[in-house]
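Visitor: Structure for this input, please:
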Amino acid sequence: MVSITMLSSMADRDFETALDRHVDWALHDLDLKDAIFGKGVVDLTDGEAHRAADLIGDCGLSVYCMSTVLFHADVEAGEDLFRQAHLAPLDRVIAIARVLEPKLVRLLAARTIRRDDLTDSVAYLKSEHPWLIDCYREAIEKLSAAGFKVTIENECDACIFSTPDEILGFFDALDCGD
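Guide: Below is the predicted model of the structure:
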């Protein structure tokens, strides 16, 4: 069976209207990222997360993906930034995910300001930013231990994943199970 999903905010910037549109369009699965009571999914308070979950349930919808923007930064910004801005929020992400019950939690592929110069981002990461793979592994293992499946989306602009070989090489280097 094929299931179609889209960012809820693409249906409307007002969350309740977006849910109604999903129902009208016979879409059952939500991809939650932003425009949830005017906030990003990771910025929801406990009360807002519960309110969103109640509204989603009342509409007969479910959350397919909780789309965070974690790891969407230039690797050249350094390990401290990644640990502080992208790993530190994981406990909050897990708390919200426990309320919204997504099938997947999305991380984003990091970027590099050197994208145009690189033919192999994995070799670049291993030599210049080996900590990045460790940060991803830590995030994936923490989310998995909390019971969530993880997906990593490659954004277009300056992404570390620009070729199938880079994607395969990254996941080979990541080596954190199924």
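Visitor: Tell me what the most centrally placed residue in the chain is bridged to.
Guide: Here the mean C-alpha position of the chain is nearest to the C-alpha of residue 106 (Cα atoms, centre = their mean), at a distance of 2.3 Å. According to DSSP bridges, the residues that bridge with residue 106 are residue 67, residue 151.
Visitor: my guess is residue 119 is in a strand, correct?
Guide: No - Residue 119 is assigned coil when assessed by DSSP: H, G, I helix; E, B strand; the rest coil, not a strand.
Visitor: where does it fall, phi/psi-wise?
Guide: phi -110, psi -10 (degrees, to the nearest 10).
Visitor: Residue 70: what's it in contact with?
Guide: By Cβ atoms under 8 Å, 6 or more residues apart in numbering, the contact set of residue 70 is 42, 86, 89-90, 93, 107-108, 139. All C-beta spots, glycine's among them, are computed from the backbone N, C-alpha and C.
Visitor: what about it, distance to residue 22?
Guide: To residue 22, residue 70 is 25 Å away according to Cβ to Cβ, to the nearest Å.
Visitor: before we move on, back to that, let's have the contacts of residue 70 in CSV, adding pLDDT.
Guide: Below are the contacts of residue 70 laid out as CSV (pLDDT from 0 to 100):
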residue, pLDDT
42, 95
86, 92
89, 95
90, 96
93, 97
107, 96
108, 94
139, 96
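Visitor: Which of the residues you listed fall within strands?
Guide: Mapping the contacts of residue 70 onto strands (DSSP state E) picks out 107-108.
Visitor: Hmm, the residue nearest to the centre of the chain is touching residue 152, no?
Guide: Yes - between residue 106 and residue 152 there is a contact at 7.4 Å, judged by Cβ atoms under 8 Å.
Visitor: residues touching the spatially closest residue to residue 146 that is not a sequence neighbour, list them.
Guide: Sequence neighbours aside, residue 94 is the residue nearest to residue 146 in space, at 4.6 Å (criterion: Cβ to Cβ, 6 or more residues apart in numbering). With contacts defined as Cβ under 8 Å, 6+ apart, residue 94 is in contact with 142-143, 146, 148.
Visitor: what's the pLDDT at residue 94?
Guide: Here the pLDDT value assigned to residue 94 is 98.
Visitor: gap between it and residue 49?
Guide: 12 Å.
Visitor: now swap in residue 139 and tell me
Guide: Residue 139 is 20 Å from residue 49, by Cβ to Cβ.
Visitor: Between the two, which is the more surrounded one?
Guide: For residue 139 versus residue 49, neighbours defined as other Cβ atoms under 10 Å are more numerous around residue 139 (24 against 19).
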